[in-house]
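Take this sequence and fold it.
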Amino acid sequence: MLINNRPASNVHAPMTLMQAKAAEGMEEQEWRSTITQIRTDNKAFNQIIMRAEQDIYLLRQTFGNGKVLSAGVPWFSTLFGRDSIIAASQTLILDPAIARDTLHTLALYQGKVEDDWREEEPGKILHELRFGEMARCHEIPHTPYYGTIDATPLWLMLYAEYYAWTHDRETLDRLWGNARAAMEWIDLNSRQTGYLSYHYRSQGGLQNQGWKDSNNCIVDRNGKLAVEPITLCEVQAYVYAAKVRLSELARVKKRIDLADRWQEEAYNLQARFNRDFWLPDYDYCALALDGDGNPVDSITSNPGHCLNLGIFTSEKAHSVAERLRAPDLFNGWGIRTLSSHSPAYNPMGYHVGSVWPHDNSLITLGLRSLGLVDQALEVTQGIFDMTFLQPYQRPPELLCGYERTGDRAPVQYPVACSPQAWASGAIFQLLHVMTNLVPDAPGNHLRIIDPALPDSIHHLSLKNLRVNSTLLDLEFVRAADSPEEGPGTTACRVAKKRGNLRVVIEA
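Have a look, this model is predicted:
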């Protein structure tokens, strides 16, 4: 049953304000009893973590029978595709139920027909859902609106990632048809060039349809706007990761034909990508390919999203990682969206020089995956330092890209959302970078690979961590630095285990 295009809830509304407060208090208490409890010996870090926990709780919004993270307050307080998916992935270490509900809810709204006004297509995952007067009167296409190029491969990535954390076979089976439809949409839209590209069709929609969706952000090295269709670098990495991960799930489903096909398509995509997107004179990856197939050759943060997904050759991945930390990108608080050397650079621009916490958390995950631990921790520390100086110790949607100098505080972006789901989620992803957990719930084991705490933390605990059906308490302790042995190493021990999960701690 739908009410105003919204799935009806089975929960009865409280009759009085007192009942509402009591119900809310009980709901929050119940939620907190199920999530991972994460604390350190650093008071400033704990303030940031507790604020992020509270904001994740507050941003949970009911769509149907599940709680999904709305993107941000005040501008984006609704269901999104890309934002809700990324935030759900970031918070798997905190609460896997968010990922489960996000997958189911977005599957409920998965595209079914061709509709240019809403840019809907069969198998496509939505971008944004609105319920207000403009939506009801069809003055805007957000009923829902599907103008996003990356939500569909990101949904597939979350589908596989959630299964790796939980071994939830019921969800795997129930959403298998949605996963097949999503992959078919990707294949259909990649048929002409071999890449997943976008061009907008709706007059009420977005001109740019990646995560950098402002009108002025897809520029070349001379600051000139690229012509569409646009083929973003990170979207190809998402497609690559989706095909690799879905090929593994296809084997679980006994669909060896699909597994072999998706794996071969992923490897072919990898070869083309490393050829077509590489800028030899910059030794860096292009932001995108334009409508003529030429590289959009500006230096941006986008290639950092590719680092953790395996699409680069090792040499190219390390070259991108090194370039991301050059002073024109890394400003001390985080990595800018666009190089300060670009003619289009504006430290107060939404996507042309600002710093986004979620962007940095994804890049940091990539640095960690390459074994660049010190570099990952440097960016992590910058984001935490910035967050501690914000009102309420809450990471904003974005901040201005001005360089960190002396005691000067980071410059706030005037109309940033706060809280923002994937900014608050970045805190948990950065904690994941420190602990470096690699879950394999179907195999009933958890690998903890070379954990590393920054200098500002000597003790980190995870209590009530859920992998498969096992609950774990983990303790991470950083040894003191030594003139003889160098920087202190981080040790991990299993303090408590309720279940039969095998935990492997690797140096």
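
I figured residue 288 hits residue 218, correct?
Yes: the criterion here is C-beta atoms under 8 Å, and residue 288 meets it with residue 218 at 6.1 Å. Any C-beta I mention is one placed from the backbone N, CA and C, and that applies to glycine too.

Show me the common contact partners of the two, please.
Common neighbours of residue 288 and residue 218, using C-beta atoms under 8 Å, 6 or more residues apart in numbering, are 226, 230, 296.

Could you identify which of these has the most neighbours?
Most neighbours among those, by other C-beta atoms under 10 Å: residue 296, with 25 neighbours.

before we move on, back to that, what is the nearest of the shared contacts of residue 288 and residue 218 to residue 109?
For the shared contacts of residue 288 and residue 218, the residue nearest residue 109 by C-beta to C-beta is residue 230; the value is 24.5 Å.

So that closest one sits against residue 219, correct?
No: Residue 230 is beyond contact range of residue 219, at 11.2 Å (criterion: C-beta under 8 Å).

middle-most residue in the protein, spatially?
residue 86 (3.0 Å; C-alpha atoms, centre = their mean).

What's the local residue count around the closest residue to that one other than its chain neighbours?
Excluding the flanking residues, the one nearest residue 86 by C-beta to C-beta, 6 or more residues apart in numbering is residue 422, at 4.9 Å. Neighbours of residue 422 under the rule other C-beta under 10 Å: 31.

now swap in residue 163 and tell me
Using other C-beta under 10 Å: residue 163 sits among 23 other residues.

quick one: what helix or strand has it in it?
Taking DSSP states H and E as the definition, one finds residue 163 inside helix 151-166.

domain assignment for the chain?
If you go by automatic domain parsing, the domain ranges for the chain are 2-6+45-435, 438-507.

If you average pLDDT over each of the ones you listed, which is lowest?
Lowest mean pLDDT within the domains of the chain: domain 438-507, at a mean of 93.

who's in contact with residue 154?
Residues near residue 154 by C-beta under 8 Å, 6+ apart: 81-82, 85-86, 89, 125, 238.

Among those, which one sits closest to residue 168?
Proximity to residue 168 was ranked across the contacts of residue 154 by C-beta to C-beta; first place goes to residue 89, at 15.2 Å.

Near the nearest residue to the closest one once chain neighbours are set aside, how many other residues are there?
Spatial nearest neighbour of residue 89, excluding adjacent residues (C-beta to C-beta, 6+ apart): residue 158 at 5.4 Å. With neighbours defined by other C-beta under 10 Å, the count for residue 158 comes to 23.

Please name the residues that touch residue 158.
85, 88-89, 99, 102-103.

Identify the farthest-apart pair in those residues.
Using C-beta to C-beta, the pair of the contacts of residue 158 lying farthest apart is 89 and 103, separated by 10.7 Å.

Who has more neighbours out of these two?
residue 103 (27 against 24).

Touching, that one and residue 175? I think so.
Yes: using C-beta under 8 Å, residue 103 is in contact with residue 175, at 6.0 Å.

returning to that earlier point: so of the domains of the chain, which one's packed in deepest?
Mean neighbours per residue, mean count of other C-beta atoms under 10 Å, is largest over those for domain 2-6+45-435, with a mean of 20.

and which of the contacts of residue 154 is nearest to residue 41?
Checking those against residue 41 with C-beta to C-beta, the nearest one is residue 89 at 27.6 Å.

The contacts of residue 154 in helices, which ones?
Counted as lying in helices by DSSP state H, out of these, are 82, 85-86, 89, 238.

Residue 276 touches residue 285, doesn't it?
No: counting by C-beta under 8 Å, residue 285 is not a contact partner of residue 276; they are 10.2 Å apart.

show me the contacts for the residue nearest to the centre of the chain.
Listed by C-beta under 8 Å, 6+ apart, the contact partners of residue 86 are 154, 358, 362, 422, 425.

Distance check, it against residue 395.
Distance, residue 86 to residue 395, by C-beta to C-beta, to the nearest Å: 14 Å.

for residue 77, same thing?
To residue 395, residue 77 is 17 Å away according to C-beta to C-beta.

Break down the stretch 201-350 of the chain into its strands, ranges please.
231-232, 278-279, 284-285, 288-289, 295-296 (DSSP state E, counting those that start in this stretch).

ok now the third one, how far from the chain's centre?
From the chain centre to the centre of strand 284-285 is a distance of 21 Å (C-alpha atoms, centre = their mean, to the nearest Å).

do the first one as well
Here strand 231-232 is found 18 Å from its chain centre; the criterion is C-alpha atoms, centre = their mean.

Strand partners (parallel or antiparallel) of it?
Using DSSP bridges, strand 231-232 pairs in its sheet with strand 288-289 (antiparallel).

got it, and the third one?
Within its sheet, and counting by DSSP bridges, strand 284-285 is paired with strand 278-279 (antiparallel).

got a list of contacts for the partner strand?
So strand 278-279 is contacted by 284-286, 295, 297, 316 (C-beta under 8 Å, 6+ apart).

of all the residues you listed, which two lie farthest apart?
Using C-beta to C-beta, these span at most 15.2 Å, a distance reached by 297 and 316.

And the contacts of stretch 359-375?
Under the criterion C-beta under 8 Å, 6+ apart, residues 86, 90, 211, 301, 304-309, 317-318, 321, 324-325, 334-335, 337, 376, 379-380, 382-383, 425-426, 429-430, 432-433, 436, 450, 452 lie in contact with stretch 359-375.

how about a cut-off of 7 Å?
90, 301, 304-305, 307-308, 317-318, 321, 324-325, 334-335, 337, 376, 379-380, 383, 426, 429-430, 433, 436, 452 (C-beta atoms under 7 Å, 6 or more residues apart in numbering).

In helices, which of those residues fall?
Among the contacts of stretch 359-375, DSSP H puts 90, 317-318, 321, 324, 376, 379-380, 383, 426, 429-430, 433 in helices.

Excluding chain neighbours, give the residue nearest to residue 502 in space.
residue 445 (4.0 Å).

dump the residue contacts of the one you found.
Counted by C-beta under 7 Å, 6+ apart, residue 445 has contacts 501-502, 504.

ok, what's across the strand from it?
With DSSP bridges applied, residue 445 shows beta-bridge pairing to residue 440, residue 502.

Can you show me the helices along the protein?
17-34, 43-59, 82-90, 96-108, 133-136, 151-166, 169-174, 176-190, 233-252, 256-276, 314-324, 357-369, 373-388, 421-435.

Tabulate those helices (a markdown table), appending distance to residue 399.
Shown next, in a markdown table, are those (distance: least, C-beta to C-beta, whole Å):
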| stretch | distance to residue 399 |
| --- | --- |
| helix 17-34 | 29 |
| helix 43-59 | 15 |
| helix 82-90 | 18 |
| helix 96-108 | 25 |
| helix 133-136 | 30 |
| helix 151-166 | 24 |
| helix 169-174 | 36 |
| helix 176-190 | 33 |
| helix 233-252 | 21 |
| helix 256-276 | 31 |
| helix 314-324 | 17 |
| helix 357-369 | 8 |
| helix 373-388 | 7 |
| helix 421-435 | 10 |
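
closest one to residue 469 among the ones you listed?
The closest of those to residue 469 is helix 151-166. By C-beta to C-beta, the value is 8.7 Å.

Distance from the closest one to the middle of the chain?
Using C-alpha atoms, centre = their mean, the mean C-alpha position of helix 151-166 is found 11 Å from that of the whole chain.

Need the CA coordinates for it. CSV is fine.
Only the C-alpha atoms of helix 151-166 are listed here, as CSV (Å, rounded to 0.1, in the frame of the first residue of the first chain):
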residue,chain,number,x,y,z
ALA,A,151,24.1,4.9,-8.0
THR,A,152,23.4,1.6,-9.9
PRO,A,153,27.0,0.2,-9.8
LEU,A,154,27.3,1.5,-6.3
TRP,A,155,24.2,-0.4,-5.3
LEU,A,156,25.8,-3.6,-6.7
MET,A,157,29.0,-2.9,-4.8
LEU,A,158,27.0,-2.5,-1.5
TYR,A,159,25.0,-5.7,-2.3
ALA,A,160,28.3,-7.7,-2.4
GLU,A,161,29.9,-5.8,0.5
TYR,A,162,26.9,-6.3,2.8
TYR,A,163,27.0,-10.1,2.1
ALA,A,164,30.7,-10.2,2.9
TRP,A,165,29.9,-8.7,6.3
THR,A,166,26.8,-10.7,7.2
